[in-house]
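Q: show me how the following folds:
(chains A, B, C and D)
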Amino acid sequence: MGSFVPHTEAQIERMLAEVGLASLEELYASIPASLRLGRPLELPPALAEVEVLEEAERRSRRNAGARRDLVVFAGGGAYDHDVPSAVRALALQSAFVTAYTPYQPEVSQGVLQALFEFQTSIARLFGMDLANASLYDGAAAVVEAVNLAVGATKRNRIVVSQGIHPRYRGALATLGRGRGLELVSVGLRDDLATDLAAVDAEASALVIGYPNALGRVEDLREARRVADAMEALLVVVADPVACALLEPPGSFGADVVVAEGQSLGIPLSFGGPYLGLFATRSELVRLVPGRLVGQTVDVEGRRGFVTTLRTREQDIRRERATSNVCTNQTLLAIWAGVYLAWRGKQGMVELARSCYNAAHYLADRLEAAGLSVLGRPFVREFVVDLEVEARPVRERLLEDGWLAGVLVPEEPTWLVLTATEARTREEIDAFVDRIAKEVR
Amino acid sequence: MGSFVPHTEAQIERMLAEVGLASLEELYASIPASLRLGRPLELPPALAEVEVLEEAERRSRRNAGARRDLVVFAGGGAYDHDVPSAVRALALQSAFVTAYTPYQPEVSQGVLQALFEFQTSIARLFGMDLANASLYDGAAAVVEAVNLAVGATKRNRIVVSQGIHPRYRGALATLGRGRGLELVSVGLRDDLATDLAAVDAEASALVIGYPNALGRVEDLREARRVADAMEALLVVVADPVACALLEPPGSFGADVVVAEGQSLGIPLSFGGPYLGLFATRSELVRLVPGRLVGQTVDVEGRRGFVTTLRTREQDIRRERATSNVCTNQTLLAIWAGVYLAWRGKQGMVELARSCYNAAHYLADRLEAAGLSVLGRPFVREFVVDLEVEARPVRERLLEDGWLAGVLVPEEPTWLVLTATEARTREEIDAFVDRIAKEVR
Amino acid sequence: DAEPTAFELSVRGRRADTLRHSAIPEASLEELGPWLRREPAALPEVSERDLVAHYTRLASRNYSVDLGAYPLGSCTMKYNPKFADEVAALPGLAGVHPDTPERAVQGWLELLAELEAAICEITGMAAATLQPPAGAAGELTGLLIMGAYHRASGRDPRRIIIPDSAHGTNPASVTLAGYEAVTVRSDARGLVSLDDLRRVLDDSVAGIMLTNPNTLGLFERDVAEILRLVHEVGALAYYDGANLNAIVGVARPGDMGFDIVHSNLHKTFATPHGGGGPGAGPVAVTSALEAFLPGPLPRPGATGQLEWWTPPSSIGNVHAFHGNALVLARAWAFMRYHGPDGLRRMSEVAVLNARWLQQRLQPVLPAAFDEPCMHEFVASAKEFRSEAGVRASDIAKGLLEFGFHAPTVYFPLIVDEALMIEPTETESPETLEALAQAFERLVEIARTTPAELAEAPRTTPVRRLDEVGAARKPVLVEPVGAADELD
Amino acid sequence: DAEPTAFELSVRGRRADTLRHSAIPEASLEELGPWLRREPAALPEVSERDLVAHYTRLASRNYSVDLGAYPLGSCTMKYNPKFADEVAALPGLAGVHPDTPERAVQGWLELLAELEAAICEITGMAAATLQPPAGAAGELTGLLIMGAYHRASGRDPRRIIIPDSAHGTNPASVTLAGYEAVTVRSDARGLVSLDDLRRVLDDSVAGIMLTNPNTLGLFERDVAEILRLVHEVGALAYYDGANLNAIVGVARPGDMGFDIVHSNLHKTFATPHGGGGPGAGPVAVTSALEAFLPGPLPRPGATGQLEWWTPPSSIGNVHAFHGNALVLARAWAFMRYHGPDGLRRMSEVAVLNARWLQQRLQPVLPAAFDEPCMHEFVASAKEFRSEAGVRASDIAKGLLEFGFHAPTVYFPLIVDEALMIEPTETESPETLEALAQAFERLVEIARTTPAELAEAPRTTPVRRLDEVGAARKPVLVEPVGAADELD
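A: Residues are numbered from 1 along each chain as shown, chains lettered A, B, ... in the order given. Model (predicted):
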C-alpha cells in the first residue's frame, strides 16, 4: 500500500489512544453506518513509484507527440512553439509549483511579484491599462469578458463574431445560459473578416478576434465604431504572438482584450493547463474577474505586493460577486511572464516575424501549388480551401506524420493551417508537396 | 552569434572608453601579435538554443538507452537501478547545482550539511568510522586508498586481487606509475575468490573486492588475517548495494573501504559523472584524500558545518600534499546522500534483497538451462560460463535488445551478468530463453 | 534587499532570447498595412543570467509546501509527489496537440477514461466530465447540469439552497448559473439545521449545495435525511467536493444520495497548487444526469478504440479543450500509486491528524464547535480580541515567524475570529507537535505581551503590507518610465 | 532555525521508499552464511515529505550562481545555461550503459569526437583525452604523458618547474606523478622571472607547468621565450588551462609552444560546479604525444563508424569509463551554442569586465601588480591589516552581507592579504557597479569602524564558524545515538 502518510503503525496507535479511540474506523463515528462504504474501493492496486511512471509512459507511447511523431501545422488555440529551457526551469521551481494562493503576502512575495510583472507585460503587449493575474483559459477569458460587459452595461445581448474559436463560442453558450445571455452571431465575409455591416441594435458587447480564429486580421477601427454605435463594449479576442507584430488592440480603443496565453512558452499539454489573458481599461478595474496583484509598501516602507481589490471576489461578496473564479492559472501566468521577459521587447517582435514568415511562405507555396488561400492579411494562421472534403485528407496526412491543420465545422473543405517559428523550410516544402498530392 | 554576455554594444563601447581602449582587441595588447590567432576558430557555427537541443537529441537517438532500447543485464561498475523522482528533484535544485565549493561556510550550509549527512550514511553503510565527501569515481577511490596506504606504511608494494575491476586496476597502474608503486597481482581460485593463500611478503595494502568484480563475496576475515601477516592495510573495494545485505567491511577490520557510488540512485550516464566512496578508520583521518566536512558552531553557538582538516589539501600543502584532488563529486554525493535517506534503513536492505532475488533467479534459470554459473555466494552479479566465445553472443543479443553482461578480458567464454531490482521476471525468463538458444 | 522588477533590470537592447536560424525567406509585411505595430511592447530587456537570478531570488521570497507545513484550513496543502511532476513532463503527454485525431491519442484517452472511472468509483457516481479547470468551474458546470435536468423534466425552479457555512464560491456560482441563493442556517452543532431547511424547502428549489464534511470539519450526519427532503421537492443535491479528502474509501457522496459531485483534484489527489492554479474540478453525476454532461467524453467506439463522444443533451463545453489535462494526469498517477488501501489510509490519517491537533490545542485554542472534527477544525480567537485586542490574523502572522504557514482566517464566516486548521495526512506527528507548541507560544504572547503580535512577522522578506492603500489607489502594472531608458 | 539532520528527523520504521512489485521468488539467503548482515545500517528513516522539506530548506541555506554574482577569482563562477541541463538529461544520453558496444552508442562517440576536435581547435593541439574527471586529474594525466614521452626518448628527467604563483594542484600533481617540484620566482611585473628560469633550467628538467594568463590575471608575455628555453633543454611545456577562459579565439596554447594542455570545462565552458564537482579536465596534446594518451579514444573504424581505439603507447586509463560524460555533453552544447564568434566574445568580455572593475576599484583596492589584467585581478588588503587590523577575509565576509559571494582570498600566495576577483563575462555592467560600490562601502567601514567587519556576516544562515575547533576535534559523522531511538 503506497501513501505519503509518514506515520508508523506505532504512532497511529499512540495518536488514536491519545484521542481516545481504538481504531481508525472510529474516527468516522459521526458517519452513520448505513452511509459507510464497507468494502474496499474497486480501483487498480497500488503501484510503486517507478511502476506508475512506467504505466504513464506506456500510455504516452500511444500518443503521437508534436515533433517526435508529428510535424504540426495545426493551431486553433494551441500552438507548437519552442519552449526555452530557462523559462521552463524558472517557472517550475518548487517554491512556485508547491505554493498556495498568496493569502499571506509576507511569505508570498515571489509569486506576487512574478504576477505583477506578468500583469504589466500583458497590459503592455495589448496596449491596455491593466491586466489580471490570468483566468482558466482562452474560453473562460471570453466568458468573463462578456460577464464584465453585461455587468457594466446591464444589457444581456452580446454580438459575437463567427470568427471566434468555435469552442470559445461553445463555452460562452454553455456558461452564459444561466445568466440568460442573448448571443447574436455575426458572420464572416468572403474575405474572412467579420461582416460588421450586418451588425446593429444595442448590445453589451461586440466580441471579435484579432486575428480571428481563421487567422484574418480584423478591422478594429471599424469594430470600435460599430461597438460605439451599439453602445457596446468592444471585446477583442487577441493572439498574443500576433499582437507583437500588430498594432495593439488598446490603440483602437478596445475595452477588454482577452486571449489564450498558451503561445507564451507553454507546452501543448493536450489542451491544458493553459491560461486565459485578460486586460482592460482602468475605468473597469472594479469589474475585473479573477485575481489582481497590486504594489504597496510594508510597515517599514519597503515595496511589496498584495492581492488587491479583493472585495470583488467571491469569498467576500459571495452571491453578489460578478464572477465565481477563485483559483486562476498562477503557475502558468508566472511561466508566461518569464517567457515574455526571456523573449523581451525585440525578441517578441522577432518571434512574431518568424511565425509570419513561415506562415506566409507556407501560404505562398500552397498558392503556387494551385490551392486557394483565404484570409489575408494574416500573421501565423490562415485558411486553405482544399475544394475536397478536408477531414479524410487530414486523416491520411496524419499517417505520414503531419498534423494538417484544424477543421472548420461550417466549411468542410477548409483547413486552418498554422506555421510557427518551429517549422523549417524543409518541413513546409515537404508538407506542401504532400498535401498537393491529395488534391491533385 | 550566441553568448551569455549581457552587454549591449553600446555598453561595451562605453566600458572600453572608460578603460581607455578603442577596441576589444586592445584588451589583449599584452599578448604578442605573433601569438594571436588572427583568424576565427574553425568550429561549427553558432546555434540557437533549440537547435542545440535538437542536435543533441539527434545524437542521443543513435544510442541504445537502457530500458527503452535495451534490457540491461550488464553491471561491471555501472548498474541499471530505478532512480526515485524525489531524489533527482532534490539533488538537482539549482542551489546545489550552481554552487561552488563551500569556501564561505556562512552561505554554504546547504551543501555542507548535505555532505555531512552523506559522509555519515556512507560510514554507517560500510561500518567504518568516517567517510570523506566523495572522490571522482570508483577507480580514483582505489587509487587514493592505495596512496593512503603507501603514505601510512611508507611501503610501495601493493597486493591487488585480480577480482578488482580491470579498469580500476588499470587506473591504479596508470596513476601509480609516477610514484613507483609495485603492483603485485593475486589471482582467483576456481570459485572466483581471491587466492589469498598465494599472498606473502610485506606490502602496504591488500586490495580486495567485496563482492569482487565477478560478483563473488570474498572472505574478508581471511583477507584481514593475510593483511595483518603482511603488515598491510586492508583496502576493500565494496559494492554499496551489496553491503546493505552483507556484514559491513568495517566489521571485519577493513582499514579503508572504497566503492563506486553510482548504484546509489545515479543514472547510468555513459559512465560519468559517478562518485567514488571513501571510508576509513578515525586513526587515518589525517591521511584521507579529498574534502571532509565537519560539524562545529558559529559565534552565536549555533551548529554549523565547515570543510575541515584542510591542511591536508593541495592548496595549502602544495607539493607536500598526499593527494592532488581538489574538486570532488559534490553534486553526486548530495544525490547519493538523498538516495540513501530516501531508501532508508529498511529500504536499502529490501533493495539489496530484491537485487539478490533477481540475480539468483537469473542464475538458477541459467543453470536449469544447462549453463555453468560461477561465483557463489554472490549478491547481484555473477559469472556465467558460456563455453563458447562470449563476445559474438553478446553482439547478437544486442541486436535483440539485450545488454548481455560484461566481458572478462582473461576469460573469453565468460559473461558477468547482473540483475537489479529493475529486472522483472518476464525479462529474466525471456533473456534466459534467448541466451539458451545461443549456446545450445 | 528588495528585488527589482524585470522592468527595472532592463537595459535597452539587452537580450536573453535566441531564435532558430531560418532558411525561410522574409515575407513582406505590406499586407498588414495599418495593422503593423509601430512601437514594440515595452517588455523586459534582460540577459538570461539576470533573468535566472531574478526569478531564483523571487522563488527564495516565497513559502511553499516543499519548505514546510501549511495548515491552511480548507485549502489542503499536502505534499505533492515528485513522480507526478515526471508524469506530467512526459513528452508523449505534454507534447500532444489537443486537436490530434483520436486514433493518435489513444494513450491520453485511456488515461482520462481510467481517471473518470476512478473518480466515479470514489464518489459513487456513474459518469464524469474532466473538463472543469477548477472547483469553482465544476460548481458552475454542476449547476448548469442541474438546470438542464430540470428543464428536460419540464420544470425550471430558480432557487438553490446553501448553508451559511459554505465556501464563497457556492453562492457566486449560483448567481452565475442564474439562480437565487437561499441560505440555510447552521444549528448549535455546526450542522445544517433541519428545521431551517424545512423552512426554505419548496418546489421553487432546484437544488442544494453541500460540503460534507462541512467547512467546520464536521460530518453532516443528517445528510440522508437532508437529501431525502431535498429530493422530495424534486430538487437535486450537489456535493461540493472540497472536503472529499476526509472520506475517500470510507463513504461516498453517491451513497449519501448526492446527484452531482465535483472533486478538487489538488485537495484530494495532491496536484500542486502552483501559487493559485492550475486546478481541476471534474464533475461526476448519476446515470440519470449523464446525458447532460459537457462533451466530449472518451468512450469506446465501434472499433474498440476510444473515441470522443458528446452526450445527446450535453450542456455544451466548459473548457476550450479537455480540461487541465496535465493536472488530470497527475491525479491519475496519484491514484495509481495509492491504490484503494492507500487512498483510504490517506483520508484516515488526515482525520487522525486533525482530530489529534484539535484535542492537543483544545486548552489554548478551543474549537468553535465542540465536536470531534474530521480532516480540519475551526478554532476561534475571539477571546483574545476582547482580552487583549489580538485578532485571528495576528496569530496567523505570528505563526509565520515560526517557519509555518498561517492557518485560514475569518472563514467560515459563522465563526467569529475563525482560525481554520487543516494539517493534512502528510505531516508527521512531530510536525504536529511543533505546530501545537508554536500555537501555545503565540497564545502565551497574546495573553502577556499582545503588542508583540501586532508587530509580527518581523523575519519575513517583507513585513505587514498596506493592503488598504493598495486597494484605494491600485497600482496593478509598472508604469513605463525611467527604468526603460537605461542603456 | 537550524536545520536538523536527516538522522535527527528519523523515526524508527518510517519509510519514504517504494520498491517495484516483483513476481520473482524470494531466494534463500543461506549461501551468504556468515556474510549476511546482522544489523541494517543506521540510515535515515524519514518520510518523502520530510525529506523534500529537509533538502529544500538546506538548498535555501546555500548561495549559488543562480542567486547572484560570485566573483571568486580563479574559480570562474559564470552563468550555467539551462539548456545544457536539458541536454544532460536526455534519456538517450543519460540512460546509456558505458559498456554498451560501440555500434549502439554512435551518438555518444560522435559527440565526444566533436568535443575533442573543438578542444583541439581551441587549444591548438592535435588530439585529446576526455577521461580526466577534473582539472587536477588532467594535470596528473598530462605529467604522466610527459614521463612516458621522456622514457620513450630514453630519458627520465625528474624535475618540473612551477611558478610561485601557481595553483596548489600543480605542485601536488607533480609530487603524485613522482617528480620533484622546482619553483621559479615571479618578478616585479608579476610574471615568470626569465633570470630565475634560466637559473633552474637544465637537463634534469622534465617540463614546466604554466598558467597563462597566470593567477595574477596577467598574460605571460615572455611565454614564447620561456618555452624556447624549456624546449632547448629537452623539456616539455604543460599549459594549465585554468585561465583558458580569458583567451578563447584570441590565442592558443599550441601556438605559444605548449605541448600539453588541460581545460577545466566548468571554468571555460560553463558546466555547473555542483558545489564542488563534477568537473572535467580533458587533456590535449601535440601530435608527437598522441600515442601516449589514455585510451580508448573515439576514432573512425574500417566501417566508417566510430570505434574505441587505444593509442599504442597509451599510459593507460585514468577513469573507470569515459570520464564525466554528461559534463562533457554540457560543454559540447555550450560550444555549439556559442560558435566561434560567441566563444571569442565570451573571452573578450570576461577580460573587459575584469579590466573595468580593476580600474574602478583602483582608488580603494589597488591591484597588487599595476598591470592591466586579463579575466581577473588580485588586489591586496594588506594596507587595512596594518591600519586597522582588518584582514582580507574580513572584507570577504563583509561582502556576503551585500548579497554577493566573496572573492577568493589568500591566493595567490605571493600576494599579501590577496583578494582575487573574477567577475566573468556573464555579469552585467550594472552588477559590476553594484559590486564596486559594495567594495567601496566595505573599505570605508574598514577605515572608519573596522570592528564592524569582524562581526560580519550577520545576515547569513549561520555566522562565522569555529574552524579551529572543527579541525582540532573533528566530528565528521553523526554518532548513532538518541536520535535513532525516536518512535
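
Q: only C-alpha atoms for contact and neighbour calcs from this point on.
A: Noted.

Q: how about the residues of the stretch 51-200 of chain C by chain D?
A: Taking C-alpha under 8 Å from any C-alpha of the partner chain as the contact definition, the stretch 51-200 of chain C meets chain D at C:52-54, C:56-57, C:60, C:65-68, C:79.

Q: of those, which belong to helices?
A: C:52-54, C:56-57, C:60 (DSSP state H).

Q: returning to what we had before: just the residues of the stretch 51-200 of chain C next to chain D that are near chain A?
A: Restricting those to those touching chain A (C-alpha under 8 Å from any C-alpha) yields C:52, C:56-57, C:60, C:65-67, C:79.

Q: among those residues, name the buried ones.
A: Among these, those scoring as buried are C:52, C:56-57, C:60, C:65-67, C:79 (criterion: 16 or more other C-alpha atoms under 10 Å in any protein chain shown).

Q: follow-up on the earlier one: which of the ones next to chain A among the residues of the stretch 51-200 of chain C next to chain D lies closest to chain B?
A: Closest approach to chain B among those (C-alpha to the nearest C-alpha): residue C:56, at 8.7 Å.

Q: where does residue A:1 land on pLDDT?
A: Residue A:1 is assigned 66 on the pLDDT scale.

Q: now the helices for the stretch 1-150 of chain C?
A: C:48-60, C:82-89, C:91-94, C:106-123, C:135-152 (DSSP state H, counting those that start in this stretch).

Q: would you turn those helices into TSV with distance to chain B and mean pLDDT?
A: Converted to TSV, the helices of the stretch 1-150 of chain C look like this (distance: least, C-alpha to the nearest C-alpha, whole Å; pLDDT from 0 to 100):
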stretch	distance to chain B	mean pLDDT
helix C:48-60	7	98
helix C:82-89	5	98
helix C:91-94	13	97
helix C:106-123	17	98
helix C:135-152	28	96
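
Q: include distance to residue A:127 when you put these into a markdown table, please.
A: Output for the helices of the stretch 1-150 of chain C, formatted as a markdown table (distance: least, C-alpha to C-alpha, whole Å):
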| stretch | distance to residue A:127 |
| --- | --- |
| helix C:48-60 | 24 |
| helix C:82-89 | 34 |
| helix C:91-94 | 32 |
| helix C:106-123 | 38 |
| helix C:135-152 | 29 |
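
Q: nearest to residue D:143, of the ones you listed?
A: helix C:48-60 (37.1 Å; C-alpha to C-alpha).

Q: helices or strands up against the closest one?
A: Helix C:48-60 sits against helix A:85-91, helix A:94-97, helix A:109-126, helix A:330-368, with contacts defined as 3 or more C-alpha pairs under 8 Å, 6 or more residues apart in numbering or on different chains; DSSP states H and E.

Q: outline the domain layout of the chain.
A: I went with chain A, as the question did not name one. Residue ranges for each domain of chain A read A:71-83+A:344-439, A:85-339, as given by automatic domain parsing.

Q: meant chain C, my bad for not saying
A: According to automatic domain parsing, the ranges for chain C are C:1-61, C:83-337, C:347-471.

Q: any chance of CSV for those domains, columns distance to residue D:340?
A: As requested, the domains of chain C are arranged in CSV below (distance: least, C-alpha to C-alpha, whole Å):
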stretch, distance to residue D:340
domain C:1-61, 16
domain C:83-337, 33
domain C:347-471, 43
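
Q: now residue C:238: which helix or strand?
A: Using DSSP states H and E, residue C:238 maps to strand C:236-241.

Q: who touches whatever helix or strand comes next after that strand?
A: Downstream of strand C:236-241, the next assigned helix or strand under DSSP H and E is helix C:253-256. With C-alpha atoms under 8 Å, 6 or more residues apart in numbering or on different chains as the test, helix C:253-256 has contacts from A:35-37, C:123-125, C:223-224, C:227, C:239, C:261, C:286.
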